[in-house]
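Engineer: Fold the following, please.
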Amino acid sequence: MSEIEDPTPPPPDAPAGANAEAVPGDDLALPADLVADSLGDYVRTSLSRIRAGESGVLPVVGGLLLISILFQSLNSNFLTAGNLVNLLVQAAVFSLLAMAEVFVLLLGEIDLSVGFVAAIGAAITANAVGPHHQWNALLAIAAGVLVCAGIGLLQGTIITRLGLPSFVVTLAGLLFWNGVLLKILGNGGTEPINSSLINDIAASNLTPTVGWIVMLAIVALYGAMVWRRDQKRRSAGLVAPPASITFAKIGAALVFGIAVVLLCNTDRGVLLPIRGVPYVVLLVLAVLAVWSFLLGRTKLGRYIYAIGGNAEAARRAGIGVANVRTTAFVLCSFTAGIAGIVYESRLQSISTAVDGGTLVLYAVAAAVIGGTSLFGGRGKAIHGVLGGIVIAAIDNGMGLVGFTAASQYMVTALVLLVAVIIDALARRGRIAGI
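Structural biologist: Numbering: from 1, shown residues only. Below you'll find the model as predicted:
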C-alpha cells in the first residue's frame, strides 16, 4: 500500500491520473523507479516496498493466521463453520465502527464519540418503528443514520471552525450523547425492535443458491474493475502490475469468495438447519466497496489523504481544508449510524446498557490493528474490516477458551500496542528512505 506521503498534493482540479506514482488508496502505486514489467520485477518491487515499511495488510493477515492457529489448538470448536460465521456477524459492528474511524484517522484526528453516536442512531430508529410511531422500517433507518450524520456535521464544524482539538470535542460528545441516550430511553430503559426487516439484518441469511449467485456477481464486478484499471494504467504508460498479477488477484478473489460461501452454506444449526451467507456480511461488503471507491477514486478521497499527509501544503494547493475535514467527521458519524443499526439488529433491542466507551476504543484499535496510521495520511476502509475481524476473533476465541473479561481487555491492548509499534517503525523507515 502506498498512500500519499509526498508533502505536496496534486492541484485541486488535477485529473485522476495526476500524481500517478502516489495515488491514494491504490495498492498498485509504486515509486517511478520501481516499475514492474514482469512477474519477477513485480515481486522484487513488492519486497522493496515491504523493506521500506509499506507492508500493507500483511501484518494483520499474519496476525489472523496466528490467532486462528492458537485458538484452534486450545479449543477445536474455533474453526468450525458455525463459530466462524458467528465470528463474521460479531465482527460487523467492530468493522463498521472502525471504517468510521478511518475517515478521521486519515486526517490525524480522532472521534471518541462514535460508540454513543451509533447508539443514538439505533435509539431513534427503534423509537420510530415502535408502537408509538410505527414508521416504515426503511424511513426509521434513514432517520437514524441521518441524525448521526448531523451529529458529525455539528462536531466537525466545532472542530474545524473554532480550531478545537478533535480529542476534546469528541470526548465531550461521548459524554453528551450518552446523556441524550438516557433521555431518549430513560434510565435503565430498553427499546425492543419489532421490525422484522431490522432484526433480519443480523439474524437472517441468503439461501445457498442466491449466495453463490451474489458471490459470482461480486467477483465478476471486482474482476472487471481491476482489469480495466490496470489495463488503463498500462496503456497510459503508468505504473501497473503485469497482466499475470492482475489475473492472480482476480483468481484469489474467486477462491476467497468460494471459500466464504462454502463456509456459510455449511449447516450450522442445532435443532433446525441454518445455511447461507448472513445479510450483515453483504452489508459490510457494500459499505466497504462504497467507502473504498470514495477514498481511492474521488477528489474528496485524494484531498483527505493530502490533508492527512501535510495539511499546510494542501491548504496552499487550494484545497478547502476545513470543508474536507468537516465532511470526514460527517462520514465518520454516518458510518457509525449504520453500525448502530447492526448493533440493535443483533440484540433485537437497544438499551442504556450499551457500552459506547468500549465500542469506540475497539473501533480505534481495529482501525489501527488493520493498518491505518495514527499519524494520518495512510489507511484504507479494508483496514477497518480486517481489524474488526481481529478484534472479534480475540473476543470470540478467548470466550471459547474461558478467559475472563480482564484477560480479553489486556490481550486486545497488547495487540493494539504491537500494531502501533509496527506503524511507528514503518513510518521511521519511510522517512529514512526519503
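Engineer: in stretch 181-200, what's buried?
Structural biologist: Neighbour-count burial for stretch 181-200 flags 181, 184-185, 191-193, 195, 198-199 (criterion: 16 or more other Cβ atoms under 10 Å). For the C-beta atoms, the positions are set from N, CA and C on the backbone; glycine is no exception.
Engineer: for the host helix or strand of Leu361, what is the average pLDDT?
Structural biologist: According to DSSP states H and E, Leu361 maps onto helix 356-370. Mean per-residue pLDDT for helix 356-370: 91.
Engineer: Just the CA coordinates for that helix, please, in PDB.
Structural biologist: Output of helix 356-370 as PDB, limited to C-alpha atoms (Å, rounded to 0.1, in the frame of the first residue of the first chain):
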ATOM      1  CA  GLY A 356     -20.200   3.300  23.900                       C
ATOM      2  CA  GLY A 357     -16.800   3.900  25.600                       C
ATOM      3  CA  THR A 358     -15.600   0.300  25.000                       C
ATOM      4  CA  LEU A 359     -17.100   0.400  21.400                       C
ATOM      5  CA  VAL A 360     -15.100   3.400  20.400                       C
ATOM      6  CA  LEU A 361     -11.900   2.000  21.900                       C
ATOM      7  CA  TYR A 362     -12.400  -1.200  20.000                       C
ATOM      8  CA  ALA A 363     -13.100   0.900  16.800                       C
ATOM      9  CA  VAL A 364      -9.900   2.800  17.100                       C
ATOM     10  CA  ALA A 365      -8.000  -0.400  18.000                       C
ATOM     11  CA  ALA A 366      -9.500  -2.200  15.000                       C
ATOM     12  CA  ALA A 367      -8.600   0.500  12.500                       C
ATOM     13  CA  VAL A 368      -5.000   0.700  13.800                       C
ATOM     14  CA  ILE A 369      -4.600  -3.000  14.000                       C
ATOM     15  CA  GLY A 370      -5.900  -3.300  10.500                       C
END
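Engineer: Pull out the buried residues from it.
Structural biologist: In helix 356-370, counting by 16+ other Cβ under 10 Å, buried: 356, 359-370.
Engineer: Spatially, which two of those are the most separated?
Structural biologist: Greatest spatial distance among the buried residues of helix 356-370 (Cβ to Cβ): Gly356 and Gly370, at 20.8 Å.
Engineer: quick one: contacts for Phe71?
Structural biologist: 78, 393, 396-398, 400-401 (Cβ atoms under 8 Å, 6 or more residues apart in numbering).
Engineer: same question, Ile110
Structural biologist: 101, 104, 166-167, 170, 364.
Engineer: Likewise for Gly370?
Structural biologist: 57, 60, 98, 382-388, 390.
Engineer: could you redo the last one with a cut-off of 6 Å?
Structural biologist: For Gly370, the contacting residues are 60, 383-384, 386-387, by Cβ atoms under 6 Å, 6 or more residues apart in numbering.
Engineer: how much space is there between it and Gly388?
Structural biologist: Distance, Gly370 to Gly388, using Cβ to Cβ, to the nearest Å: 7 Å.
Engineer: picking that back up, now which of the contacts of Phe71 would you call buried?
Structural biologist: 78, 393, 396-398, 400.
Engineer: which one of those is nearest Gln155?
Structural biologist: Ala393 (31.3 Å).
Engineer: Number of residues surrounding Arg316?
Structural biologist: Neighbour count for Arg316, taken as other Cβ atoms under 10 Å: 12.
Engineer: no, scratch that, I was asking about Ala137
Structural biologist: 18.
Engineer: thinking again about what came up before, of the contacts of Gly370, which pair is most distant in space?
Structural biologist: Top of the distance list for these (Cβ to Cβ): Val60 and Gly384, 10.7 Å.
Engineer: okay, the two: which has more neighbours?
Structural biologist: When Val60 and Gly384 are compared for neighbours, Gly384 comes out ahead with 34 against 24, by other Cβ under 10 Å.
Engineer: Val114 and Ser68, how far apart?
Structural biologist: 28 Å.
Engineer: Show me what the mean pLDDT comes to for stretch 334-351.
Structural biologist: On average, stretch 334-351 scores 95.
Engineer: what does that stretch contact?
Structural biologist: 92-93, 96-97, 99-100, 114, 117-119, 121-123, 126, 141, 144-145, 148-149, 190-193, 198-199, 201-202, 280.
Engineer: Check Ala243 and give its pLDDT.
Structural biologist: Model confidence at Ala243 (pLDDT) stands at 83.
Engineer: Over to Val226?
Structural biologist: 89.
Engineer: Figure out how far the helix or strand hosting it is from the centre of its chain.
Structural biologist: Taking DSSP H and E as the definition, Val226 sits inside helix 208-235. Taking Cα atoms, centre = their mean, to the nearest Å, one finds helix 208-235 lying 20 Å from the centre of the chain it belongs to.
Engineer: Return the set of buried residues in that helix.
Structural biologist: Buried residues in helix 208-235, counted by 16+ other Cβ under 10 Å: 208, 211-212, 214-215, 218-219, 222-223, 226, 229-230, 233-234.
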